[in-house]
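Q: Got a sequence here, can you build the structure:
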Amino acid sequence: MSLSHSELCEIGRRWLLRSLSSKGPGCRIALAEPPIGLHGGEIPDAIGWRTADALPSTYMVEAKTSRSDFHADAGKMHRNSLAGVGNYRFYLCPEGVIQPDDLPEKWGLLWVNGNGRMKHIVSPFATARWGDVSKALTPMRFENVNQRHETSILANALARVGDPQAVLAEVRESQRRANWLAKQCDQQRADIRELSSRLFMAKFGEGEA
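A: Here you go, the predicted structure:
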C-alpha cells in the first residue's frame, strides 16, 4: 500500500510527539501542514516544539513520496538561506526513496513502510538513552533558523482554534471538574469499604462472639 503525502505528514507529526522512550523527540506541540498566514514562507510538512530542555528546540519533518520530489526540494529558497525552520530536520519517505548518501549536511532520515511503520535510518532516536541521543543531536543542530516564522506558524495555528484565553478557561474548568469527580470517586470507594465491613460484621460478628 502506497502512502500519500498527507499520510506521511501525519505520520511525521505523530512521531514528533513521541516520547524519548518511544524513540521520538518528545515535542509538546506538533503540527502537520500548518497554516502560515498572509505573509507566506516555508510550509513545513510537520513541525514540533520541544520545551523539556534548557535549550528549547524545534524539529521539522519534510515528507517526500518520490526521488524527483526530493531533488526538487534542494532548490527551494529556504534550503539555501537562513529562512528555514527547525533546529533539527528530518526527511521522511517510503522505504528506499531517499538513501543516507543523498542527505544534505546535518539532516536525518526516516523511512516508512507500506503499513505506516517507521524505521530510523539516520536518526539519534534509534536509541532511547538520552545521553546517546543528546550527544548525537549536537552535530545535527541548525543554529541559524527563522524563529520569527516558527512563531508565526504557531500563532496562526493557535488563531484557528478561536479565542485562546477562552480555550484555556475551558481546560481549567475541565481539570477542576475532573479533580472534583476523582475526589468523589475516592470518597465512594471509602464508603463502599466501610459498608462492606459493616455488612461482614452484621453477618458474622455475633456468631464469633
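Q: hey, let's count contacts and neighbours off CA atoms from now on
A: Noted.
Q: care to break the chain down by domain?
A: For the chain, the structural domains run 5-161, 162-209, going by automatic domain parsing.
Q: The ones you listed into TSV, with extra columns for mean pLDDT and mean neighbour count?
A: Converted to TSV, the domains of the chain look like this (pLDDT from 0 to 100; neighbours: other CA atoms under 10 Å):
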stretch	mean pLDDT	mean neighbour count
domain 5-161	89	17
domain 162-209	82	11
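Q: Tell me which residue is most central in the chain.
A: Centroid-nearest residue in the chain: Leu17, 1.9 Å away (criterion: CA atoms, centre = their mean).
Q: how close does it get to Asp191?
A: Using CA to CA, to the nearest Å, we find Leu17 at a distance of 40 Å from Asp191.
Q: same question, Asn144
A: Counting by CA to CA, the gap from Asn144 to Asp191 is 61 Å.
Q: Also Ser68?
A: Separation of Ser68 from Asp191 (CA to CA): 67 Å.
Q: again with Gly12
A: Using CA to CA, we find Gly12 at a distance of 48 Å from Asp191.
Q: and if you look at Glu7?
A: Distance of Glu7 to Asp191, computed by CA to CA: 50 Å.
Q: One more: Asn115?
A: 49 Å.
Q: what do you get for Arg50?
A: Distance from Arg50 to Asp191, by CA to CA: 44 Å.
Q: so how far is the top helix by length along the chain from its chain's centroid?
A: Counting residues, the longest helix found in the chain (DSSP state H) is helix 164-208. A distance of 34 Å separates the centroid of the chain from that of helix 164-208, by CA atoms, centre = their mean, to the nearest Å.
Q: Stretch 76-95: end-to-end distance?
A: First-to-last residue span, stretch 76-95, CA to CA: 24 Å.
Q: And for stretch 86-99?
A: End-to-end distance for stretch 86-99, by CA to CA: 21 Å.
Q: residues in contact with it?
A: The contact list for stretch 86-99 (CA atoms under 8 Å, 6 or more residues apart in numbering) reads 3, 8, 12, 47, 57-67, 70, 106-114, 140-145.
Q: Now the host helix or strand of Ile47 - C-alpha only, PDB.
A: Following DSSP states H and E, the helix or strand that holds Ile47 is strand 46-50. Extracted C-alpha coordinates of strand 46-50, given in PDB (Å, rounded to 0.1, in the frame of the first residue of the first chain):
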ATOM      1  CA  ALA A  46       5.400  18.700  10.100                       C
ATOM      2  CA  ILE A  47       6.900  20.800  12.800                       C
ATOM      3  CA  GLY A  48       7.200  20.300  16.600                       C
ATOM      4  CA  TRP A  49       8.300  22.300  19.600                       C
ATOM      5  CA  ARG A  50      10.300  20.600  22.400                       C
END
